[in-house]
Every structure is written in C-alpha cells, then in structure tokens.
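J.: need the 3D shape of this:
(chains A, B and C)
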Amino acid sequence: MNRNLARVVATLLGALAVVLPALAGAYPLQVARNVMLYMALAITWDMLLRSGQISFGIAGLFGLGAYASILGVIRAGMPAWASIPFAAAFSALAALLIGYLILRLRGMYFSIVTLALAEIFRIVIHNLHDFTGGPEGIVAPAGVIFGGSASGLYWLALVGLAVALGASIWFEKSKFHFALTAIRDNEIAASSSGVDIFRWLLATFVITSGIQGLLGGIFVQSYGFATPDSVFSADFTLLPLAMALLGGIHGTVGPIMGAVLLGVASEWLKLQMPYGHLVVYGIIIIIVILFMPRGLYGLARKMARPAEGRAE
Amino acid sequence: MAMKRRATILAALSAAATILILLWKPSVINNGIQQAGLYAAIAIPMGLVLGIVHIVNLAHGEFMMVAAYATYFACRATGMDPLLAVLPSAAVTAAFGWVVFKLTIKRALKAPELNQLILTFGIAIALTQAVNILFTSQTFKLQLDYVSASIDIGEDTFPVWSYVFVAFAILYAAGLKLFLTRTTIGKAALAVGQNPKGAAIVGIDVNRVYGLVFALALALVGAMGALFLTKQSIFPSVGSPYTMKSFCLVAVAGIGNIPGILGASLLLGISEQVLRGFRDTRAWADIVFFVLIIAVILGRSIKWRKS
Amino acid sequence: MRKALALLAIALIAIPAFAQTGGTIKIGGIWTLSDITGKQGSAAALLAVEEINKAGGVNGKMLELIIADDEGKADKAAAAVEKLATVDKVEAFIGGMASGAEVGKIPAYAKYNKVVVATGAASSAIVEKALGPSPGSDYYFHLHPWDYNQGASYAEGWDAIQKKYPSIKIKKIFLAYEEGAFGKSSWDATKLLFGSDKRYTVDGAPFKSALLGGGDYSAVLEAAKDFKPDLFLWAGYDADALPMLEQSKAIKFTPKIYLGAPPGWPIGFGSSKLSKNVMLYGMWSPSMNDTNPASKKFYDAYVKKYREEPATYFALLAYDAVMILADGIRVAGTTETAALVKALEATKYASPLGETITFKPSNIIKHQGITRQKILQWQNGFQEVLWPFEAATAAPVFPFPAWK
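T.: Residues are numbered from 1 along each chain as shown, chains lettered A, B, ... in the order given. Model (predicted):
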C-alpha cells in the first residue's frame, strides 16, 4: 500500500518536472532551477553520509567543477556542452587523488580535512590570476549556454538532478546500500565480514564528487561566469547539508523534501518580507530541527506507521 | 626514549627557526604571537564545548558578535571603557547562552549528532540577520588610544596591545585546566566528556553539566567579545570567519586538548606572518592554515595507525 | 508600526490618484537589501518615485517601484529579474551593487531587452565583459564608474591638485589593497595609470579585509613604511578604516598623504581623532549641501522621510536612476526600448552628486554615465571635497599630521 503510494507520488512529481516548462512562467522555472541544483547537491552529500562520512567539502568540488568547465571553454576551446561532463570528470579525478589520502580519516577529522581542501582549491584559483581570472572572476565570451533559453536551462538543471537521483536510487538498490550501511553501523564487523571498506568509500566519494563537479559545470554554464567567491561560496556546503537534515538523511526522499522546503521557503519569504526574510529562514531551520529530529520524511513515515516508527 | 629525543630535536629546530626569523624580521614574531593570541582565545571556548558537550557550535563566532554589539552600545551609552565591560559581558553572554541552550540545544542532544550542527547553523543565521535588521550592515568601532600602544627598540617600533589576547588565551587555557582537574564540577564535566553514559550511571546529571559547560564557554566568548571590540570593527557577519578558524584550530590540536590550541594557534599565527613578510608569498598566507590542518591531521592518523 | 500606518496612508491616498490618471508605469528595483547600500538605495529610489508622483507623475501616469532582493548572489539575482519581468511585468529596471550578483542578472536582462539603469557593479572584468559591445548591450545604462574609470580619474585629480598646490609633491605611491575582487581591480588600475609613465613609483601589497575575517594589517603597513610613500592609499572596506589607522599609528607610519578608498565609512568615523586630515575617494558628501542645491534638496528630503543620513553615495545613485529614467520616459512618451534608449542617450541630468550626468561609450558598452570620482578629505569631522575643483568645498590640508 505504502510502496504503491510512494510510487504514485514519485511518478506524479516526475511528470510535473517534465511538463513544468510548458505550464509555468520564467520565474517559477528559474526558482525550480535553483531548487533542483541544491536538491542534487543535498542528495550527493547524503549518499556519502550513508557510510557515516560527513563531508564539509561540497563547495570545493562544486567550485572545482565550475572552474574546470569555464576554463575548459575559454582556455581549451571546448564547446559549452562538452565542458559539463569534463567538469564531472575533473572533480571525480580530483576526488580519486585526495580520496586515497583522506578516506582513512573518520568523524570530525574527515569533515575538517574536506573543509580545508575546499578552501585550498578556492585560494589556488584566487591566486592564479593569469589562468583563472583571479578574484575578479572570468566570463565565458560566448555567454550563457543555449543562448539563455529558459526552457533549455531548465532541462539542463533537470538533467543534473536526474543524474544525482539516478545515482542515489542505484545506491539504494545495489550492493552499495549494504556496504555503506554496514560501514556506518559497525566498521569493524563490516571489515571482518569481508567488506573492503576503503574501496567502497573511495567509489562513493569519487561518484558523489563527480556529480558535484557536474553540477558546478551546469551552474557556471547557466550564468556564463565564475568568481571564486560565487562558486566556492559556503552556501553550497551548508545549504545542501541543512536541506538533507531537515528532510531526513540516509535516503533519496529526505533531501528532496528538505530542498523543496528550504528552496521554496526562501523565495516565498522574500516576497512576503523583502527586508529581513533571512531571520525567519534561520528560525525555520531551528524549529524544523527541534520538532522533527528525523526530518520531514522521518515525521511522515512515523505518522504513516506509528508503531514501527517508534521501534526504529 | 625515542619520543623524547624526537621532541628535543623538534624543540631545537623550532627555537633555531624562531631565532633566524627574529634576526631577519623581528616584527614577524611579535605580530605572529599577538595574532595567535587572538585566534587561541576565541578557539578555546569552542574546544571546551566540542570536547565535553560534543557539538560543533556553528554559532560560536555569532555569540561573540552579539557580545561585542552589546558591549558597544553599553559603552556608548555610559562612556565606559570596553575593558571594564569584560566581566559584565561575560556574565550576560553566559546567561544568554544558557537560555539558548535550554530552549534549543538541550532538546536536540538526544537527536542524531548532525542535528545539533544544523541547529547551531540556524541560530547563527538568525543572530546575524537579527543584528543586521536592528543595526544595518554598517560597521561600528570604538576609538581607543591605548590600542596603538607600542614599544621602541632601536630603530623599530613594535605594537604591543594585542598581547592582551595572548594573556587571555593563556589565562583561559590554564584556568580551564585547573577547573577540569581540581574542582568537583570540573571533574564531573571531564567525566561526562569522556563517557556520558558512564557518568550518568555514577549519578552525574549529564544535561546539567552540559548546560553549565556551555554557559561557561559562552562566558569566555562574551569576555572576548568585549576585548575584540577594542581592536576591531564590528558588523553583523564579523563572527562567522572566527567560527571556521576556531573549528580548524580545535581539530589541529585534537579534540579535548585545550592547551594544544595554544600551540596550534602559535604555529598558525607565526607561519601566516612569515608568508606575509615576503613579496612573492604574501598572497598565499591564507593557504598555510589549511595546509597545516591537513598535514597535522594526516600525520597524526598515520602515527595512530602505526601504533 | 508608525511606518506601517504611514505606508497605509500613502497607499490610500495613492489609489484614487492611480484611478484618475489611468495606469501606472512599473519599475523594478533590485538590490542586496540586507546591505546598507541596498537598504538605503531602495529607500532613496522610493523617495524619488514619491517626489515624481507628487508632482503629477510621468506623462499623466504614476510611477510604481517594485523592489526585489538579490541577496548578493547570482542565482537569486536572476530569479529577481525573472519575477519582476514576468510576474510584476515591470517596464524598466534599476538597481545593482555587487558585481558578482549583477553578472547573474545580465542573461535575463538581455532576454527581456528592457531598459536598465544600473546603480552599481564596477567590475569591468566580469560585468562589462558579460554585457558585451553595442548594440547587444544598448539597453544597459551604467551610472557608476567602471574600475578603470575610477583609476583614470584619480590620476587626473592628483595631477590637477599638484598643479594647483605646488607644495604638494607626489613621487612614490603605495597601495594597500584588500585581496578580493575590489582591491585587486584597484591595484590593476593604479599600477596601469600611475605606474606606466615614469613620473610615479608605485608599489603595493594585499591584505585580508576585516570584512572577510582579516583585520591584521601589520605586514602590509610595514611594507608600506619601508617604501616611504608620499601617498599611501588603501582600498578596502569600512571595517578596515579605523583599525588600519590605529595600527599605522602603533608602528609610527606617517605618510604625507593618508588616503582611504572604501565604498563607505564606519558610523562616527569623523568624530574619531584619528580621522583628522585623512583623505578619501568618493562621489558625494553631505558637505556638498553648502554649494550644491540639488544635493541639499535630496539630503533634506531623505533625512525628513527616513530620519537617518544617507550613509553612502549609492543612495544618491539610486535616486538619480529613477529621476533619469523618468525624464527619459517623459521625452520618449513610452517605455518601449528603442525609443526610450534614444531619449536616454540625450540625458543631461544635474545630479545631486555635483555633476551633470550624460551617457558616453566606455571601453566596451555604449552607455556609461559617471566616469569621475572625487578626492575628498576629512576636515574637522566632515568630508570636504578637494577635487574636482568646480565641486570643491575646501582646500587640502597637507601634509597629513604626524601621530601624537
């Protein structure tokens, strides 16, 4: 019953996402693009979190992808569309190299090293003036991809989200699910029962980082420019994290709900109170986390089956 | 034995490096130590909360910002010197922190660990933006003659005011060490920090200890807020960079190692100043911090794995 | 609460007025509202709209300003343009401050091709480049000088000042610049404009602004002290102003000219002892009220309506943007882009900023408004204009006094 309901809701949402450009104006489409971007980042962050590893480095890999894409176009003459998968590959490769170094770290220490790496990427790009444009940033001479067509940019953002969603669902249905859950629950037991922890973590880190780089490439091609402050903004780390937690972690549905909640709340509040809407935004985060400790999805599941919910 | 020898070599090397830098550019050491004092004095309260309550307080710098604003307006209204406001600011911030703890953090302590992180992120946004609405994004600064205090040695002039931060950092570290090892509450707090379940079994009221430690940390933050105001301008987002810096320093020192924060800050403060001293490395001064973090954490993890 | 009642009263009075004249002209204004520049910029634009409507509107229609927040971010800025264009159906845009947000609006602006009178965004490296050349960017009227305009005007100003006051001689210039986009572009412009011929020796060093978590200037100040400049210039933010002076005093660094170029100054800076004879770059100061009636009129009206001083010149730019746009619509008789662009090209607007604004081509775009900044000096707690001489309110005090 429940599973069927979920399937119906998912199909409806998917259908809505596909027909939206035909129904909605340019403003809802733009908001939808912003929400989908953060949603995809929240999902990738959660995918790594399913192993218990908390990354604070989303902005780093996102920004790295963004610069790989725009510099690929400007310095290497790539077509704009090709620079987006290139951004994914670049961030994935970077993740492979640093993953070897840092994936043996656990807990807070892993988090802080990812944060430090993100800052290092930012400073390097900031300081390589001649190649990257430095602090002032760099502009794609051909402008925005697809000539700035609202529906074209929407489809591009939807593709980015679809990649993240697809990877996340694949993780849930494949061996990744058991491996990552085992690592999270009890690493020693997992390792003694034959799970090669490091390899699973490395694969997860590379895949999620690659998607984050892809999203960076999509972002930068959708606006036609990059500056270190805009693409390495702490928002790209903190907001996806907040969205995943407010929606509910360790699954695909939670981050989606959280991203819709915060993304829509942020635009809606701005229309209600142009000055000072950010205070309410902060208070919403506080209230949701206090009253729904397992997120929106956790609350929804608990209400759907109260007896099981308590046992969980 | 080998450990001891290595420590001696390390100490000798750093002493030699210090002497070399002193001969080359004495101001680097002077400024580096003072900057380290500021970093450490702000980071130590975060280390206390992280070590005992086990939460990363993302609103750490924002609490200092609020304390600095409160001090600013108190000083402007009464003409008082911010140095006299250090203790009142500590008391008021502690009370404020205790209320915030009771209303929010306490309710999230049983929830998954990350909830507390995001809760304090929400608190940080709400505090920053509330101050922004009340006082706009314009900056405020008290102008005080004594912050330009300096000592002349030969041809050179050395600013000395920021040694007050060094004094506070040492006071904080030493005071907390005494508190945690000599007093009943402190010992209880340490026990809770190491093993909350065990502490609860032996009859310690864990939640009360958490609340007290949080309030104590905020008292230290509040005192720093008043002190910070002597030297720096304040504006709504002034605290947030210090949250990240403090978090990184605590991690370099190792969680639960409060005196280590002094060493980490000193390492950071001086290496930053050394890089800023050369024309070609000036722009890279920021990176040294993050490289050090990674080097120290990776180095330690390799050492652990060996032993 | 009282403000809300006042707004309600204005709305009640305004509604019948709209009904009489048959229609309104909607203008969209986009700023970073949590920042003082955006808060006061939007307030000053509302003041201009109110003044215009009180005087009968534009061609019998009332102006309506709809304000949106870009939060200083490119993606939010793009959403703000889309909302104003498609939901509110505005007929022209004003606003802008941070270049990183402005560049996010440009694709959407270009799509709708409605007239934009921009009040900020100085970065030629990204904003002017993203706009591109005429005719594609002809809808865009840029009021604020580009970074290279500012640099050129300072070079011009210092030449003029040295000519007029022979006791002021500048040979060596040191620039302390914050390491972000603002400081870096100042450094590039300074190197180019002062360093290219041999008349000046230029050196500089970056620092981390207190706005971004810095606030220790010891390294950059010591480099400056070793250089012994005649003119010491810092390009940072208001948070740096007093700490920079205090730390200069601590190391006994006393250049003959001490000059700051932040976009705004901290509250009460003039009442600080250290502010004495500090020079600054800017566009406007309240001291201009004495010599410029337009400035006085704006200032009095703003203070009366909001009970606070306009803290930065961005308030005046926003006010000007509305006035210029209204004049253009009046002449064109429409908000249709081609006609309005043509009308705006003939703009000759006597601004409270103390100069007459016209639009001329800059390096890339066709419609650049102001190109000159001013050189000012803090004297007895007030910002006095030194140059351009036609707007001057005082003579320079030179040299900068040694610390006591």
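
J.: right, is the helix ranked longest in chain A up against chain C?
T.: Counting by DSSP state H, the longest helix found in chain A is helix A:197-223. Yes. Shown here: helix A:197-223 in contact with chain C (C-beta under 8 Å from any C-beta of the partner chain) through A:219, A:223. (Glycine included, C-beta is placed from N, CA and C.)

J.: which parts of that helix are buried?
T.: Using 16 or more other C-beta atoms under 10 Å in any protein chain shown as the test for burial, helix A:197-223 gives A:197, A:200-223.

J.: what element comes up after that helix heading to the C-terminus?
T.: strand A:225-226 (DSSP states H and E).

J.: pLDDT averaged over the longest helix of chain A - what is it?
T.: Helix A:197-223 comes out with an average pLDDT of 96.

J.: chain center to it, what's the gap?
T.: Put simply, helix A:197-223 sits 9 Å off its chain's centre (C-alpha atoms, centre = their mean, to the nearest Å).

J.: does chain B sit close to it?
T.: No. Helix A:197-223 is not in contact with chain B by C-beta under 8 Å from any C-beta; minimum separation 12.2 Å.

J.: try stretch C:92-109
T.: No. Legend: contact between stretch C:92-109 and chain B by C-beta under 8 Å from any C-beta is lacking; minimum distance shown is 11.4 Å.

J.: give the next helix or strand downstream of the host helix or strand of A:Phe110.
T.: Secondary structure from DSSP H and E places A:Phe110 in helix A:107-127. Per DSSP H and E, the first helix or strand lying C-terminal to helix A:107-127 is helix A:129-132.

J.: which stretches in chain B count as helices?
T.: Going by DSSP H, chain B shows helices at B:2-24, B:26-48, B:60-78, B:86-103, B:113-135, B:163-182, B:184-194, B:196-201, B:206-231, B:240-253, B:258-277, B:285-306.

J.: go on, chain C?
T.: C:2-21, C:36-54, C:74-82, C:99-112, C:129-131, C:147-164, C:181-195, C:218-227, C:238-250, C:293-306, C:314-332, C:337-345.

J.: buried residues in the third one?
T.: Neighbour-count burial for helix C:74-82, with 16+ other C-beta under 10 Å as criterion, is recorded at C:74-82.

J.: so where's chain B uncertain?
T.: Low-confidence segments of chain B (pLDDT under 70): B:1-4, B:307.

J.: could you do the stretch 1-150 of chain A as well?
T.: The stretch 1-150 of chain A contains residues with pLDDT under 70 at A:1-3.

J.: need the residues of it near chain B, please.
T.: Those residues of the stretch 1-150 of chain A that sit near chain B, judged by C-beta under 8 Å from any C-beta, are A:54, A:101-102, A:104-105, A:108-109, A:112-113, A:115-117, A:119-120, A:123-124, A:127.

J.: A:Gly258: neighbour count?
T.: Residues lying near A:Gly258 (other C-beta atoms under 10 Å in any protein chain shown) number 30.

J.: stretch C:179-195 close to chain B?
T.: Yes. Residues of stretch C:179-195 contacting chain B under C-beta under 8 Å from any C-beta: C:Glu179.

J.: now that stretch: how far from the chain's centre is it?
T.: Per C-alpha atoms, centre = their mean, the centroid offset for stretch C:179-195 relative to its chain is 18 Å.

J.: please pull out the lowest mean pLDDT helix or strand from chain C.
T.: Ranked by mean pLDDT, DSSP states H and E, the weakest helix or strand in chain C is helix C:2-21, scoring a mean of 46.

J.: in the chain, which residue is most central in space?
T.: Assuming you mean chain A. A:Leu41 (0.5 Å; C-alpha atoms, centre = their mean).

J.: should've been chain C
T.: By C-alpha atoms, centre = their mean, chain C has its centre lying nearest to C:Phe314, at 4.4 Å.

J.: the nearest residue to B:Val250 once chain neighbours are set aside: neighbour count?
T.: Spatial nearest neighbour of B:Val250, excluding adjacent residues (C-beta to C-beta, 6 or more residues apart in numbering or on different chains): B:Gly47 at 4.4 Å. B:Gly47 has 29 neighbouring residues, counting by other C-beta under 10 Å.

J.: B:Gly47: what's it in contact with?
T.: B:Gly47 makes contacts with B:246, B:249-250, B:253, B:255-258, B:261, as judged by C-beta atoms under 8 Å, 6 or more residues apart in numbering or on different chains.

J.: and if we set it to 7 Å?
T.: Going by C-beta atoms under 7 Å, 6 or more residues apart in numbering or on different chains, B:Gly47 touches B:250, B:253, B:258, B:261.

J.: quick one: it from chain C, how far?
T.: 19 Å (C-beta to the nearest C-beta, to the nearest Å).

J.: for chain C, what are the nearby residues on the stretch 1-150 of chain A?
T.: Neighbours of chain C within the stretch 1-150 of chain A, by C-beta under 7 Å from any C-beta of the partner chain: A:25-27, A:30-31, A:34, A:133-137, A:139, A:143-144, A:148.

J.: those residues: which two are farthest apart?
T.: Within those, A:Gly25 and A:Gly134 form the most distant pair, 37.6 Å apart (C-beta to C-beta).

J.: and the two? Which one has more around it.
T.: Shown here are A:Gly25 and A:Gly134; by other C-beta under 10 Å, A:Gly134 has more neighbours (23 against 14).

J.: where do the strands of chain A begin and end?
T.: For chain A, the strands defined by DSSP state E occupy A:138-139, A:225-226.

J.: partners of the last one, with directions?
T.: Taking DSSP bridges as the criterion, strand A:225-226 forms sheet pairs with strand A:138-139 (antiparallel).

J.: quick one: residues in contact with the strand it pairs with.
T.: A:70, A:74, A:132, A:224-226, C:126, C:129-130.

J.: how about TSV for these, with distance to C:Glu64 and neighbour count added?
T.: Putting the contacts of strand A:138-139 into TSV (distance: C-beta to C-beta, whole Å; neighbours: other C-beta atoms under 10 Å in any protein chain shown) gives the following:
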residue	distance to C:Glu64	neighbour count
A:Ile70	38	29
A:Ile74	42	18
A:Thr132	43	22
A:Gly224	31	26
A:Phe225	32	29
A:Ala226	36	30
C:Ile126	31	26
C:Lys129	33	23
C:Ala130	29	28
